[in-house]
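S.K.: quick check, what structure comes out for this input:
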Amino acid sequence: MFSRRKMESAGPSAATRSGDADGSEDGSPNANNTAGARALLKPIIDARIDSTMAKQLSRRDIALEVKDIISEVQQRGRLSLNILEIRDLVTLFVNEILGEPKNHGAKAETGTETVALHEYAATPSISPAGITPAPDADSSAAPDVASDAVSEITSDPAPGTRHQTDTFEIQETEATYDQTASSSVDEAKDVIQPILMERIDAGAASEMSRGELARQINDIVAEILSEQKLHLNLMEQRDLVTMLIN
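M.R.: Numbers count the residues shown, from 1 in each chain. Down below sits the predicted model:
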């Protein structure tokens, strides 16, 4: 069944129930800023990811799992986050799961609806990937967990490489976002295509130019989306029309 993404704004006092670890929609408001999103996502992520088991995984694997959870919740219409906010939340939760010291974590600023990430100090040595400190180890002597495969998300790149690192961060996050959008388009196609075929004359459509056919299908698709209470943004709707024409 197609996931319906509802464009609903959260109220001014958006908060999540402490026991909502399964991501149910009963009584839980939307979260349209990073502070509200963190409060909404934390119990869900805590329930889905065991911190002890997670320390046996690479930082990249944990980051991908967190991104998947955020995408699931966002598709249910309970979040409205842009790419940079998703990246900041992924970094924040990965640090928490790996036992990052609190003074190295991210600090939520509800007034400006932003997350200020800690600037890690550059160190001459890098700990091997996969090694994590013991739970009772002194944090000052613990290996730097930011040295894992996705440390580029939070670490400060060396001079001359900042542009390359920033490009990688954006491309990686956009790739995840594009996968989510593609999934939504595929699901919408399964719902809309049978209805579309009932409303168009295949014989007349075959005689139209591709441009005219695209305009006709776009109008019908817009009607069906409204009738079925489905939401796609302009880019997703354009991709859907292209798929239907092909």
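S.K.: quick one: least confident helix or strand in the chain?
M.R.: In the chain, no helix or strand scores lower on mean pLDDT, DSSP states H and E than strand 114-116, which sits at a mean of 37.
S.K.: and residue 217, what helix or strand is that in?
M.R.: Element membership for residue 217 (DSSP states H and E) is helix 210-227.
S.K.: what is the mean pLDDT for the helix or strand just after that helix?
M.R.: Heading C-terminal from helix 210-227, the first helix or strand you meet, by DSSP H and E, is helix 234-245. Average pLDDT, helix 234-245: 84.
S.K.: can you give me the angle the helix holding residue 217 makes with helix 234-245?
M.R.: With axes from the mean of the first three to the mean of the last three C-alpha atoms, to 10 degrees defining the directions, helix 210-227 sits at 120 degrees from helix 234-245.
S.K.: list the contacts of helix 210-227.
M.R.: 188, 191-192, 195-196, 199-200, 205, 208, 230-232, 237, 240-242, 244-245 (C-beta atoms under 8 Å, 6 or more residues apart in numbering). C-beta: built from backbone N, CA, C; applies to glycine.
S.K.: what about the helices in this protein?
M.R.: For the chain, applying DSSP state H gives helices covering 34-48, 51-54, 59-75, 83-97, 162-199, 202-206, 210-227, 234-245.
S.K.: turn the ones you listed into JSON lines, columns for mean neighbour count.
M.R.: Compiled in JSON lines, the helices of the chain are given as follows (neighbours: other C-beta atoms under 10 Å):
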{"stretch": "helix 34-48", "mean neighbour count": "20"}
{"stretch": "helix 51-54", "mean neighbour count": "12"}
{"stretch": "helix 59-75", "mean neighbour count": "20"}
{"stretch": "helix 83-97", "mean neighbour count": "22"}
{"stretch": "helix 162-199", "mean neighbour count": "14"}
{"stretch": "helix 202-206", "mean neighbour count": "9"}
{"stretch": "helix 210-227", "mean neighbour count": "14"}
{"stretch": "helix 234-245", "mean neighbour count": "16"}
